[in-house]
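> give me a model of this one.
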Amino acid sequence: MNKSRNKTFLLPIVLLMIGFTNVSLAAIKWTFAGANSWAAQASFGASGDPGPNVTVKSWYNATTGYLTPGYIKSWSGGLGVCGGTEICSTTTPPPPEHAMDNSPSGAVESLVLDFGASASIVLKAITLGWAYTDSDITVLAFRGQGDPNLSGSKKYQDLIAGGWALVSQAATKNITTTYNAAGSYSTPNTFNSGNIASRYWLIGAYNSLITGNGNGANDTTLDYVKLASVSGVRAVPEPSTWLLLAPGLLLLRPRRTSVPYSY
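Here you go, the predicted structure:
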């Protein structure tokens, strides 16, 4: 058999496997700075890999319980959220209401991160840059099909049935007073030992409504936080993906041809 022909045949298959795998072991970090005015959404670049940009929007449960878009803004300690009874179109809510919170005077607030159509990200760490009274958070990843549109008649209680998976529902740091002054960030909170990957991630103040338990707060201490950054890696395809690819690779195998001899 012609060794040169073998190499030529194998090259496109190897390139296909590399391109399809889209594996990256390099850590990617997204820092939420620069969105200096209240806005419905903002886009942030990545450092490392290089990773995709992430678009961030906020949501809160209105008095009806239905999810409603809020506003976001970057502070020295990270992203804050304006929602519920807080007014941010003409002014800034006073501290700590300018943070992402589960205050009963407003609403339970969350941030939804969209890493783009071609990206599936395994988030591994979350850094909070500022908090008040307590800093428990809830983290979900969208595992359903299509776009997880949260507008319309949807409530936090509907998310699990709608394709979202609960990844973390725990305290990041229990505190009794304000901590982490401007520019001083908390130690990253690592999570997601199961390496769940998704294009869409929801990070919010602790929210027991998602599991149908309570009014949104974790305990009698309310949570007010600002999201400074997240980090993770690109996803590796699951074994089932390779099983789908295998038949196509078999069709590309070389065929033995008969070459007539000349006498």
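
> which stretches of this protein form helices?
Applying DSSP state H to the chain gives helices spanning 3-21, 239-251.

> ok, and the closest non-adjacent residue to R199?
Leaving aside its sequence neighbours, R199 sits nearest to F115 (Cβ to Cβ, 6 or more residues apart in numbering; 5.3 Å). Where you see a C-beta, it was placed from the backbone N, CA and C, and this is true even at glycine.

> tell me the confidence at V233?
Looking at V233, its pLDDT is 95.

> quick check: beta-bridge partners of it?
V233 has the following beta-bridge partners by DSSP bridges: V122.

> and it, how many neighbours?
20 (other Cβ atoms under 10 Å).

> isn't it right next to K124, touching?
Yes: at 6.9 Å, V233 and K124 qualify as touching, with contact defined as Cβ atoms under 8 Å.

> give me the common contacts of the two.
When contacts are counted by Cβ atoms under 8 Å, 6 or more residues apart in numbering, V233 and K124 have A27 as shared neighbours.

> one step back: and the helices of the chain, which one is worst for confidence?
Per-segment mean pLDDT for the helices of the chain reaches its minimum on helix 3-21, at a mean of 42.

> so how far is R143 from the closest residue to G70 other than its chain neighbours?
Taking Cβ to Cβ, 6+ apart, and ignoring the residues beside it in sequence, G70 has G83 as its nearest neighbour in space, at 3.3 Å. Using Cβ to Cβ, to the nearest Å, one gets 25 Å for the distance from G83 to R143.

> quick one: which of these two has more around it?
Neighbours per residue, other Cβ under 10 Å: of G83 and R143, the larger number sits with G83, 26 against 14.

> what residues are bridge-paired with W130?
On the basis of DSSP bridges, W130 is bridged to K226.

> that one contacts W75, doesn't it?
Yes: between W130 and W75 a contact is recorded at 7.0 Å, counting by Cβ under 8 Å.

> common neighbours of the two, please.
Common contacts of W130 and W75 (Cβ under 8 Å, 6+ apart): K226.

> the more surrounded of these two?
Using other Cβ under 10 Å as the criterion, W130 and W75 rank with W130 on top: 27 against 20.

> distance check, the more buried one against S74.
If you measure W130 against S74 using Cβ to Cβ, the figure is 12 Å.

> same check, this time on H98
From H98 across to S74, the span is 11 Å (Cβ to Cβ).

> which of the two has more neighbours?
Counting neighbours by other Cβ under 10 Å for H98 and for S74 shows that S74 has the greater number, 23 against 20.

> find the nearest non-adjacent residue to the more buried one, please.
When the adjacent residues along the chain are set aside, S74 lies closest to A35, with 4.2 Å between them (Cβ to Cβ, 6+ apart).

> much appreciated, bye for now.
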